[in-house]
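Engineer: got a predicted structure plus its sequence, pasted below:
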Amino acid sequence: MTSPIPASATQIIVIGAGRLGRAIAPALAASGAAVVGPLSRHDPRPTFTEQDVVLLCVPDDVIASAVTEIPLGPFVGHCAGALPLDVLGNHRAFSTHPLLAVTDGFPGFRGAACAVAGRDAAALAVAREMAARLGMDVIVVSDALRPLYHAAASMASNYLVTIEDAAEQIAAPTGVERRHLARLARSALDNWERHGPHALTGPIARGDETTVRRQRAAVAEHEPGQLALWDALDRATRELASTTRADASG
């Protein structure tokens, strides 16, 4: 897999040996790229050339300092979802953010979305090539919309884990296990992927207020610490249910 810009690169240098760096470096190497790294903050740096691509897989608050160690010349990219390109200074800057929750042992990048940006056409071509090598779907997201994009990503991923953890705590006395809740959550997500908000099921969707009151009373009795989250989700779900009913009647 080649393209005019990255094909001339002598190597892709991955800086950052956290979970993303440890995942992305071997994935890029498997695509046929010459990869150096992932390098930790303590590893010696290679000699950078203008033909190199440097990919920073470091925490957001480290990017600005990490980029000062790289001389002008190579393409330099970060993997931060919410940050604009100006954090990379005067480099030939790009960004590539896999829309995935990357943990050790995750199944891979292929088929997921990747938000990219580039300071110019050449840098954007590098970002596109990084995503293509990983088998990802490219979405170009402007600097102005990066925080909004990342907010959506946090809601779809981070907040989902928060909700599932709360559900596990509520379910603990009943004998329902995490794997059972995960199976339920996957079925709901599969339905939502196919049908959007019309995939909503449950007592609020069908207007069963007696069941909703019983649920809330049980949460208040057994897990009162989850009641504020429960009530916030109840309100949001009622609004969604009302919208979907209006759509159906219209």
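Structural biologist: The structure has been received and is ready for your questions.
Engineer: ok, residue 47 - contacts?
Structural biologist: Contacts for residue 47 (CB atoms under 8 Å, 6 or more residues apart in numbering) come out as none. No exception for glycine: its C-beta is placed from N, CA and C like everyone else's.
Engineer: I'd like the distance between it and residue 95.
Structural biologist: 24 Å (CB to CB, to the nearest Å).
Engineer: would you map the helices across the protein?
Structural biologist: Listed in chain order, the helices of the chain (DSSP state H) span 19-30, 63-66, 121-133, 146-156, 158-171, 178-195, 209-222, 227-249.
Engineer: okay if I get those as JSON lines plus mean pLDDT?
Structural biologist: Conversion of those to JSON lines gives the following (pLDDT from 0 to 100):
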{"stretch": "helix 19-30", "mean pLDDT": "95"}
{"stretch": "helix 63-66", "mean pLDDT": "94"}
{"stretch": "helix 121-133", "mean pLDDT": "96"}
{"stretch": "helix 146-156", "mean pLDDT": "96"}
{"stretch": "helix 158-171", "mean pLDDT": "97"}
{"stretch": "helix 178-195", "mean pLDDT": "97"}
{"stretch": "helix 209-222", "mean pLDDT": "98"}
{"stretch": "helix 227-249", "mean pLDDT": "91"}
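Engineer: export these to a markdown table and tack on mean neighbour count and distance to residue 101?
Structural biologist: Output for the helices of the chain, formatted as a markdown table (neighbours: other CB atoms under 10 Å; distance: least, CB to CB, whole Å):
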| stretch | mean neighbour count | distance to residue 101 |
| --- | --- | --- |
| helix 19-30 | 19 | 10 |
| helix 63-66 | 16 | 20 |
| helix 121-133 | 21 | 17 |
| helix 146-156 | 14 | 9 |
| helix 158-171 | 14 | 8 |
| helix 178-195 | 12 | 13 |
| helix 209-222 | 13 | 27 |
| helix 227-249 | 12 | 20 |
